[in-house]
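J.: Sequence first, then the predicted structure, then my questions.
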Amino acid sequence: MNKLAKSFPDYGSRNIRLYYFLTFFLNAWFFMPNWVFYFNQFISIKEIALLSGTAKVLQIFMEIPSGAIADLLGYKKR
C-alpha cells in the first residue's frame, strides 16, 4: 500500500473522491477576481474598497468576543 493511500481513509470510496472534489471547488473561490467588476456596475471602486475594508474590520472585532464568550459559557466537563 502506498503512502498516499495510507494518508487518506478509504481512498477508493466514491464519497471520499466527491468530498475532495467539492472541497477543492468550494475553496477555490473562482468568483473572487470577478466580484469587483460586478459591483463596479453599481458603485465606484473607492466605495467597494471602503465597504470591503469595513467588513473585514467588523469581522475581526465581532469574531474575537464571540470566541471569548463561547470559552466562558461553553460546555465544561465536571
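T.: Received the coordinates, thanks. Residues are numbered from 1 along each chain as shown.

J.: for this protein, what spans make up the helices?
T.: Counting by DSSP state H, residue ranges of the helices within the chain are 3-7, 14-28, 32-39, 45-73.

J.: Please render the ones you listed as JSON lines that adds mean pLDDT and mean neighbour count to the earlier fields.
T.: C-betas here are computed from N, CA, C, even on glycine. Converted to JSON lines, those look like this (pLDDT from 0 to 100; neighbours: other C-beta atoms under 10 Å):
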{"stretch": "helix 3-7", "mean pLDDT": "56", "mean neighbour count": "8"}
{"stretch": "helix 14-28", "mean pLDDT": "81", "mean neighbour count": "10"}
{"stretch": "helix 32-39", "mean pLDDT": "80", "mean neighbour count": "10"}
{"stretch": "helix 45-73", "mean pLDDT": "84", "mean neighbour count": "10"}
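
J.: so how far is Y19 from the spatially most central residue of the chain?
T.: The C-alpha lying nearest the average C-alpha coordinate of the chain belongs to N27 (C-alpha atoms, centre = their mean; 6.8 Å). Relative to Y19, N27 is positioned 12 Å away (C-beta to C-beta, to the nearest Å).

J.: and if you look at L73?
T.: Applying C-beta to C-beta to L73 and Y19 gives a distance of 33 Å.
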